[in-house]
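*Asks:* 3D model of this:
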Amino acid sequence: NTPKPLAVEARLAEMDGIQRVGARGHLNTLRILKVTQSTSKAHNLNAALEMVDTDNVVIYDADHHPDANSLLIMTSYKLAHGCTCVQGSTYLRCTPGLLSLLINAEFFVTYFVIFPAQQALTQTGFFGGSNALWDVTTLKRQAFRHDVQTEDIEYSARVLLRKAGKIRFCPEARSGELPPASLSALWKQRLRWAIGWDQVSLEHLPAILKSRRIGLCRQ
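*Replies:* The predicted structure follows:
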């Protein structure tokens with residue numbers, strides 16, 4: 001999503017089509033997709049989903065390194081609870097300073113305390129944009145919107161309104177990401193999140209409150 005091609009894109013193009021035998025003997029093929037005219041993560045997700053022909057798909061951001069058993073935990077949780085999406089937890093895989101340590105502590109409280117408590121009260125969760133296992137058929141029923149700041153939260157709101165699936169949190173399925181590069185980068189990230197939540201609330205809250213299919217706790 002940059003005005004000019006990045007140097008890494010040439011290397012990525014060379015990697016397209018590489019095949020490796022997985023741990024269970026399955027042949028895995030790496031696909032590198034350049035989405036022309038893309039200006040957002042939503043554009044990229046929508047384009048990539050057109051190529052997916054499996055029953056399940058897991059979504060990670062580019063800087064994520066999932067724990068070795070993370071996907072296995074999510075898959076088991078999905079089967080055991082009959083949900084269409086399992087949202088795992090995130091931590092910082094490197095903590096070079098005080099800021100990253102504080103963010104890591106915030107992530108722990110959010111994913112292991114706040115979100116499980118919310119799920120216990122409302123019997124629902126939401127898609128956080130990364131480290132999430134989805135049922136492909138459900139995921140393809142609606143497109144991600146590129147005109148909002150938080151396409152993941154907006155997508156979750158439409159799933160809730162349409163009762164198009166069941167999203168659950170599984171904090172034990174962990175994936176590490178990189179910390180924001182600076183305090184300024186953290187501010188921009190959190191500002192985008194705040195604006196995105198406001199956008200979703202202003203657009204969908206009236207319909208959520210009026211819906212007879214959504215209980216009071218979930219509202």
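*Asks:* where exactly do the strands run in the protein?
*Replies:* 19-21, 27-29, 56-59, 65-66, 85-92, 132-135, 167-177 (DSSP state E).
*Asks:* ok, and the closest non-adjacent residue to L45?
*Replies:* Of all residues not flanking L45 in the chain, F144 sits nearest, at 4.9 Å (CB to CB, 6 or more residues apart in numbering). In this view, the C-beta of every residue, glycine as well, is placed from N, C-alpha and C.
*Asks:* just to revisit the earlier point, check the strands of the chain for me and report the most buried one.
*Replies:* Ranked by mean neighbour count under mean count of other CB atoms under 10 Å, the strands of the chain are led by strand 85-92, which reaches a mean of 24.
*Asks:* what is that one packed up against?
*Replies:* Other helices and strands packing on strand 85-92, by 3 or more CB pairs under 8 Å, 6 or more residues apart in numbering; DSSP states H and E, are helix 70-81, helix 98-109, strand 132-135, strand 167-177.
*Asks:* Throw those into a markdown table and include mean pLDDT and distance to L186, thanks.
*Replies:* A markdown table is the format used below for the helices and strands packed on strand 85-92 (pLDDT from 0 to 100; distance: least, CB to CB, whole Å):
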| stretch | mean pLDDT | distance to L186 |
| --- | --- | --- |
| helix 70-81 | 96 | 25 |
| helix 98-109 | 94 | 7 |
| strand 132-135 | 97 | 22 |
| strand 167-177 | 97 | 13 |
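*Asks:* make CSV from the ones you listed and add distance to R190 to it.
*Replies:* Below are the helices and strands packed on strand 85-92 laid out as CSV (distance: least, CB to CB, whole Å):
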stretch, distance to R190
helix 70-81, 25
helix 98-109, 10
strand 132-135, 20
strand 167-177, 15
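*Asks:* can you tell me which of these is nearest to A185?
*Replies:* helix 98-109 (10.1 Å; CB to CB).
*Asks:* which helices and strands sit right next to the closest one?
*Replies:* Counting contacts by 3+ CB pairs under 8 Å, 6+ apart, helix 98-109 is packed against strand 85-92, helix 183-210.
*Asks:* what residues of that helix count as buried?
*Replies:* Buried positions in helix 98-109, judged by neighbour count with 16 or more other CB atoms under 10 Å: 100, 103-104, 107.
*Asks:* can I get the residues you listed in TSV with distance to W193?
*Replies:* Shown next, in TSV, are the buried residues of helix 98-109 (distance: CB to CB, whole Å):
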residue	distance to W193
S100	17
I103	13
N104	17
F107	13
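*Asks:* nearest to L27 among these?
*Replies:* Checking the buried residues of helix 98-109 against L27 with CB to CB, the nearest one is F107 at 35.5 Å.
*Asks:* ok, back up a step: out of the helices and strands packed on strand 85-92, nearest to S38?
*Replies:* Set against S38 and scored by CB to CB, these come closest in strand 132-135, at 20.4 Å.
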